[in-house]
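Next one to model:
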Amino acid sequence: MYVIAIYDIADKKIYQEKDNSRRIRKQFEKYLKRVNYSVFEGELSAAEYKSLFGYVKKYANQKLDSIVFY
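Residues are numbered from 1 along each chain as shown. The predicted structure is shown next:
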């Protein structure tokens, strides 16, 4: 499946915990091609998508971060 992923990670000053923006960006770069600062796209298998989505869900702050997959 062809995936477009867009993310916006909250500034680390807002976080009360460790900043995960670098960790999440590196994971996106592992699976997808970067086309803009926070936009990635590429072809993923169902297993790769599930792995990437699970990783992002685990490390992103649900209240502060915005991550969208198309």
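
give me the number of residues near residue 6?
Here the count is done by other C-beta atoms under 10 Å, and residue 6 has 15 residues near it. No exception for glycine: its C-beta is placed from N, CA and C like everyone else's.

which residues touch it?
Contact analysis of residue 6 by C-beta atoms under 8 Å, 6 or more residues apart in numbering lists 38-40, 66-68, 70.

Can you list the strands that the lengthiest strand in the chain pairs with?
Ranked by residue count and defined by DSSP state E, the top strand of the chain is strand 2-8. Using DSSP bridges, the strands paired with strand 2-8 are strand 39-43 (antiparallel), strand 66-69 (antiparallel).

And the helices in the chain, which stretches?
Applying DSSP state H to the chain gives helices spanning 21-31, 46-59.

residues touching the residue nearest to residue 2 when sequence neighbours are not counted, list them.
Excluding the flanking residues, the one nearest residue 2 by C-beta to C-beta, 6 or more residues apart in numbering is residue 43, at 5.7 Å. By C-beta under 8 Å, 6+ apart, the contact set of residue 43 is 1-3.
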